[in-house]
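# Have a look at this fold, sequence not included:
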């Protein structure tokens with residue numbers, strides 16, 4: 001985890017896959033994070049892929065249902081109540097609390113890596129934590 005991630009190519013979008021409205025504070029944190037990643041030496045660019053937004057929810061629900069069924073049917077804890085959920089696509093992903101609302105609540109940004117490349121996410125997380133430490137921050141509600 002302590003190894004430098006190298007220079008990453010990071011594409012970002014401010015568009016929800018299903019076309020839902022994104023809150024202004026989330027967009028602000030996303031922009032701040034993109035700038036931070038660029039300042040850390042990564043190649044950062046906005047990319048809004050063309051997708052059939054009308055099909056996103058139904059497609060997601062189909063994948064989620066099939067994935068849940070397969071996981072529960074074959075998991076070593078079969079027969080027990082489900083407790084940990086995995087990313088539906090199998091791609092590694094992480095949510096990092098990189099900003100906060102005006103009320104001090106955390107706002108996270110999601111990062112996704114290539115299949116099987118969790119190491120890149122861990123290295124990027126360590127780099128971002130060193131640049132903008134989160135560990136000591138708590139919202140007023142948690143105090």
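Here it is on my side, so go on. Every value quoted in this text rests on a predicted model; they were computed, and no experiment measured them. Residues are numbered from 1 along each chain as shown.
# Excluding chain neighbours, what is closest to residue 17?
residue 56 (4.7 Å; CB to CB, 6 or more residues apart in numbering). In this view, the C-beta of every residue, glycine as well, is placed from N, C-alpha and C.
# now swap in residue 114 and tell me
residue 91 (7.2 Å).
# ditto for residue 29
residue 99 (3.1 Å).
# how about the one you found, secondary structure?
Per DSSP: H, G, I helix; E, B strand; the rest coil, the local secondary structure of residue 99 is strand.
# In contact with the residue nearest to residue 114, which residues?
112, 113, 114, 115 (CB atoms under 8 Å, 6 or more residues apart in numbering).
# you'd agree residue 2 is in a helix?
No. According to three-state DSSP, the state of residue 2 is coil, so it is not within a helix.
# Near it, how many other residues are there?
8 (other CB atoms under 10 Å).
# would you turn the contacts of residue 91 into JSON lines with pLDDT and distance to residue 27?
Shown next, in JSON lines, are the contacts of residue 91 (pLDDT from 0 to 100; distance: CB to CB, whole Å):
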{"residue": "112", "pLDDT": "88", "distance to residue 27": "18"}
{"residue": "113", "pLDDT": "88", "distance to residue 27": "23"}
{"residue": "114", "pLDDT": "84", "distance to residue 27": "26"}
{"residue": "115", "pLDDT": "80", "distance to residue 27": "28"}
